[in-house]
Structures are given as structure tokens and as C-alpha cells.
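K.L.:
Just the structure for this:
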Amino acid sequence: MKNVVAGLITPANPDALAHVHGGMAVLLLARLITRRSLSTPIPLACVAALQLLNECIDRYNHGSWRWPDTIADTINTLFWPTVLFLGLRWRRERTPVRAAAAEDLPATT
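P.N.:
Alright, predicted model coming up:
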């Protein structure tokens, strides 16, 4: 079933791009379900956990680890969710500095 869905999403290279889309979809669903910000590690951890589960299922189905495929799938799945997490985390840590600076400004009446 996974291959059928992947073929509908990306007929040229179904597995690679399906992992990219799947990682982002899981990230957003985890954010909605947990109600945690994307700048917290919880949604990203959900993506990593489901990717691990997916690779364990692949290992079971194939009878052995296919390391080049496993590594490529993991990179494709986790790359953009990790970039988004790091960017939002960086912005979140910088925001209080700007907010504190704004509080030092005189109030206008």
C-alpha cells in the first residue's frame, strides 16, 4: 500500500519524495495532535519515531537491513522537519531579546 501511495504522489522517484512529504505531514499532524510548537522537540521526535518504525517494517519485509536505502530514507524524512525545527528554535531564542529591548522603550501616551 505504501508503494501505491508513493507512486501516486511522485511517479518519477516515488520513494524519495514520498519520504519528504511524509516527514512534513507527520510533523504537522504531530503539532496539531500534541498542540506543541514546532520549535519544541516533541513533533520532531514523532517524525523520528515513525521513521524508525517504518524502517523496522522495511527490514522485516526485506529480511535484512538495506543500509543505503535506510540511510537515504531517514535523511529524506528528517531533513526538512529538522531544518524547520532548528530555524524556529533559533528564532524563538532570539525573540525574547527583542521583546526585552522593546520593554525598555518609553511608553507613548
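K.L.:
Can you get me a residue count around residue 40?
P.N.:
15 (other CB atoms under 10 Å). All C-beta spots, glycine's among them, are computed from the backbone N, C-alpha and C.
K.L.:
roughly how far out does stretch 48-57 sit from the chain middle?
P.N.:
13 Å (CA atoms, centre = their mean, to the nearest Å).
K.L.:
quick one: contacts of that stretch?
P.N.:
Defining contact as CB atoms under 8 Å, 6 or more residues apart in numbering, one finds that stretch 48-57 is touched by 19, 23, 26, 70, 73, 74, 77, 78.
K.L.:
Which neighbouring elements make contact with the host helix or strand of residue 33?
P.N.:
Here residue 33 sits within helix 14-34, counting by DSSP states H and E. Contact analysis of helix 14-34 by 3 or more CB pairs under 8 Å, 6 or more residues apart in numbering; DSSP states H and E lists helix 2-9, helix 41-62, helix 67-103 as its packing neighbours.
K.L.:
mind checking how far the longest one is from the chain centre?
P.N.:
Put plainly, it is helix 67-103. Worked out by CA atoms, centre = their mean, helix 67-103 lies 9 Å from the chain centre.
K.L.:
Residue ranges in this structure under the pLDDT threshold?
P.N.:
Filtered on pLDDT under 70, the chain yields the residue ranges 1-14, 96-109.
K.L.:
ok, for the one residue sitting closest to the centre of it, nearest residue in space, not its chain neighbours?
P.N.:
Nearest to the geometric centre of the chain sits residue 81, at 2.7 Å (CA atoms, centre = their mean). Closest residue to residue 81 apart from its sequence neighbours, by CB to CB, 6 or more residues apart in numbering: residue 27 at 4.4 Å.
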